[in-house]
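Enquirer: okay, predicted coordinates and the sequence, questions at the end:
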Amino acid sequence: MSKIPQIIKIVDDKNLIINIGLEDGVAANEKFQIFEQGIEIVDPSTGEALGNLDFIKATVTAISVLPKMSICQSIKRTSTDLANIANLLTGVSITRTERESLDVDPEEISGGYEDFDKTIRIGDLVRKA
């Protein structure tokens, strides 16, 4: 039986352990997605299965890789508050990017991510990012 990469321990809100390591080809600083497998998407014109609409819960980085497991950490994010006085004095400006809405037919919106559980749990699936 082949091993399914997954979370095996949650250390705290920034660190977790996955059940793959050096023996599975994992390298330090490698990124992994924690995901929930979604519904299968089928091409309506051919009937061909195109893959699943997976929900990515988070991306983590392997910080310590052991033979059979890896300790992973949440991705570092830095943000600056525009109201911070130091930023105002130095003239630093922050640019935020937002996705522009597409001009789609509202009758054809079928969703797909609404029913996913965003909470990370032991047993959640993991794959290389």
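Expert: Nice, I can see it.
Enquirer: quick one: contacts of the strand ranked longest in the chain?
Expert: Ranked by residue count and defined by DSSP state E, the top strand of the chain is strand 55-65. Residues outside strand 55-65 that contact it (Cβ atoms under 8 Å, 6 or more residues apart in numbering) are 16, 18, 21-22, 26-36, 38, 70-75, 113, 116, 118-120, 124, 129. (Glycine included, C-beta is placed from N, CA and C.)
Enquirer: going through those residues, which ones are buried?
Expert: Burial by neighbour count, judged by 16 or more other Cβ atoms under 10 Å, picks out 16, 18, 21, 26, 30, 32-36, 38, 70-72, 116, 120, 124 from the contacts of strand 55-65.
Enquirer: in strands, which of the residues you listed fall?
Expert: Those of the buried ones among the contacts of strand 55-65 mapping onto strands are 16, 18, 32, 33, 34, 35, 36, 70, 71, 72, per DSSP E.
Enquirer: with adjacent residues omitted, what lies nearest to the first one?
Expert: Counting by Cβ to Cβ, 6 or more residues apart in numbering, residue 10 is the residue found nearest to residue 16 once chain neighbours are left out, at 4.9 Å.
Enquirer: please apply the same query to the last one.
Expert: The spatially closest residue to residue 72, leaving aside those adjacent along the chain, is residue 60, at 3.9 Å (Cβ to Cβ, 6+ apart).
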